[in-house]
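In: here's a sequence, model it:
(one chain, ligands or ions: 2)
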Amino acid sequence: MAMSDFRRNKLIYVFKAFFDVDNSGAIDQQDFRLAAERICRVHGWTVNEGKGAEVLQRLLDVWEALKRADSNSDGSVDQNEWCTMWETYAKGGNDSQEWQDKYRDFYFSIMDTSGEGTIELDEFAAVNKRDDVSDSDCSEAFKLLSKNNSSIVDSATFAQLWKEFFTSDDPSAPGNFIYGKLKF
Ligand SMILES: [Ca+2]
Ligand SMILES: [Ca+2]
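Out: Ligands and ions are numbered 1, 2, ... in the order given. Sure thing, here's the model as predicted:
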């Protein structure tokens with residue numbers, strides 16, 4: 001089955017909202033530096049030391065691995081290369097598994113501010129609230145992905161939801177809501 005517009009919209013949302021930070025239309029190393037600075041601002045850290053420096057290093061590691069998706073070797077990953085990579089993933093290809101796992105664990109650790117291994121609504125909202133994602137969107141999204149707060153969101157649960165986000169064409173799958181956004 002070809003990729004649905006719905007799934008493509010999800011992939012493009014993540015591309016624009018989290019990866020192509022400088023809106024250049026493609027992802028390159030500079031985007032990861034900017035992303036690290038953005039995350040550090042949220043937490044009151046600096047990229048030069050401590051946790052902030054760790055964040056920068058983890059993101060640069062993600063870029064080193066993501067570079068493999070740059071199939072025309074122009075030094076950046078554009079939207080088509082991005083979607084092709086995720087389609088390969090959805091079909092069971094594991095070329096990009098390494099960076100995808102790193103990115104997923106990184107994203108989880110960024111949300112798990114208290115470090116106890118689970119994500120609560122306030123942690124989820126602090127990271128996912130954006131211009132187009134309100135506090136109430138975050139509450140609703142968290143409710144949907146935690147099955148009405150009945151399921152604890154630990155790293156194993158998050159890994160399942162995360163996979164659903166990137167592979168599912170079903171608009172009602174709980175994994176669609178891991179970024180707080182309700183509609184694509
Ligand atoms: Ca860019
Ligand atoms: Ca490219």
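
In: can we go C-alpha only for contacts and neighbour counts from here?
Out: Fine.

In: what number of residues lie near the residue nearest to Ser168 when sequence neighbours are not counted?
Out: Among residues not flanking Ser168 along the chain, Arg7 sits closest, at 6.7 Å (C-alpha to C-alpha, 6 or more residues apart in numbering). Residues lying near Arg7 (other C-alpha atoms under 10 Å) number 22.

In: for Arg7, pull up the helix or strand it's in.
Out: Arg7 is part of helix 5-14, with elements assigned from DSSP states H and E.

In: quick one: average confidence on the next helix or strand after that helix?
Out: Per DSSP H and E, the first helix or strand lying C-terminal to helix 5-14 is strand 26-27. Summarised as a single mean, pLDDT over strand 26-27 is 98.

In: against ligand 2 - does strand 26-27 have any residue that ends up touching it?
Out: No: using C-alpha under 5 Å from the ion, strand 26-27 never reaches ligand 2; the gap is at least 7.7 Å.

In: which is the next helix or strand following that strand?
Out: Per DSSP H and E, the first helix or strand lying C-terminal to strand 26-27 is helix 29-43.

In: now for that following helix, which elements pack on it?
Out: For helix 29-43, the elements it packs on are helix 50-66, judged by 3 or more C-alpha pairs under 8 Å, 6 or more residues apart in numbering; DSSP states H and E.

In: kindly provide the distance from the residue nearest to Ser168 to ligand 1.
Out: 21 Å (C-alpha to the ion, to the nearest Å).

In: pretty sure Lys143 contacts Val153?
Out: No: using C-alpha atoms under 8 Å, Lys143 is not in contact with Val153; the gap is 10.9 Å.

In: so which of those two has more stuff around it?
Out: Legend: neighbour count by other C-alpha under 10 Å for Lys143 and Val153, higher for Val153 (21 against 17).

In: quick check: residues of this structure near ligand 1?
Out: Within the chain, the residues that sit near ligand 1 (C-alpha under 5 Å from the ion) are Asp20, Asp22, Ser24, Ala26, Ile27.

In: again, only this time at 6 Å
Out: With C-alpha under 6 Å from the ion as the criterion, the chain meets ligand 1 at residues Asp20, Val21, Asp22, Asn23, Ser24, Gly25, Ala26, Ile27, Asp28, Asp31.

In: narrow those residues to just the buried residues.
Out: Among these, those scoring as buried are Asp20, Val21, Asp22, Ala26, Ile27, Asp28, Asp31 (criterion: 16 or more other C-alpha atoms under 10 Å).

In: show me the contacts for the fifth one.
Out: Ile27 makes contacts with Phe15, Phe19, Asp20, Val21, Ser76, Val77, Asp78, as judged by C-alpha atoms under 8 Å, 6 or more residues apart in numbering.

In: ditto for the fourth one
Out: With contacts defined as C-alpha under 8 Å, 6+ apart, Ala26 is in contact with Asp20, Ser76, Val77, Asp78, Gln79.
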